[in-house]
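> Dropping a prediction and its sequence here:
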Amino acid sequence: MYEISAYGHFDAAHFLRGYRGKCANIHGHRWKVEIILQGSELNELGIMIDFMDVKRLLKEVTGRFDHKLINEVLPFDRVNPTAENMAKEIFGLMEEALKDFLGTGVTISRVTVWESEAAAAAYFKK
């Protein structure tokens, strides 16, 4: 098996509904996102999936949150925009964005979202 990872980032604000503490107030982060892909096959060039394709699609997916109040972006108008929920949402959006590649034996292993250097959450399927 092969595994690759790609990173992206975006700047956005959010607040946590029903939370008791500072995070109930609007605050911002430079969010960092890592996607890890796995596959057992390489193409004729020795590439599982082109990093440029992965980074481009990750930028498109995370661009919907960039410089926005995440609480106003679907589905976070009704779902709390925690790092955990962000990781799951980005995982699903990347599954859709990568659908042409995922049929070739490439799978998403994990999506990790960092709110800061010291705080991250990941989503993966069993």
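Nice, I can see it. These figures come from a predicted structure and were not determined experimentally. Residues are numbered from 1 along each chain as shown.
> How about the contacts made by Phe65?
10, 12, 31, 73 (Cβ atoms under 8 Å, 6 or more residues apart in numbering). Where C-beta positions appear, they are placed from N, C-alpha and C, glycine not excepted.
> what do you get if the cut-off is 7 Å, keeping everything else the same?
Residues in contact with Phe65, defined by Cβ atoms under 7 Å, 6 or more residues apart in numbering, are 10, 12, 73.
> Give the residue farthest from the middle of the chain.
Glu44 (28.7 Å; Cα atoms, centre = their mean).
> Now do the SS call for that one.
Here Glu44 takes the coil state, with states given by DSSP: H, G, I helix; E, B strand; the rest coil.
> so what pLDDT did it get?
With respect to pLDDT, Glu44 scores 92.
> now do Phe101
The predicted local confidence for Phe101 is 79.
> Hmm, Glu72 and Ala12 touching each other?
No - contact criterion Cβ atoms under 7 Å: Ala12 and Glu72 do not qualify, at 10.2 Å.
> the more surrounded of these two?
Relative neighbour count places Ala12 above the other of Ala12 and Glu72, with 20 against 11, counting by other Cβ atoms under 10 Å.
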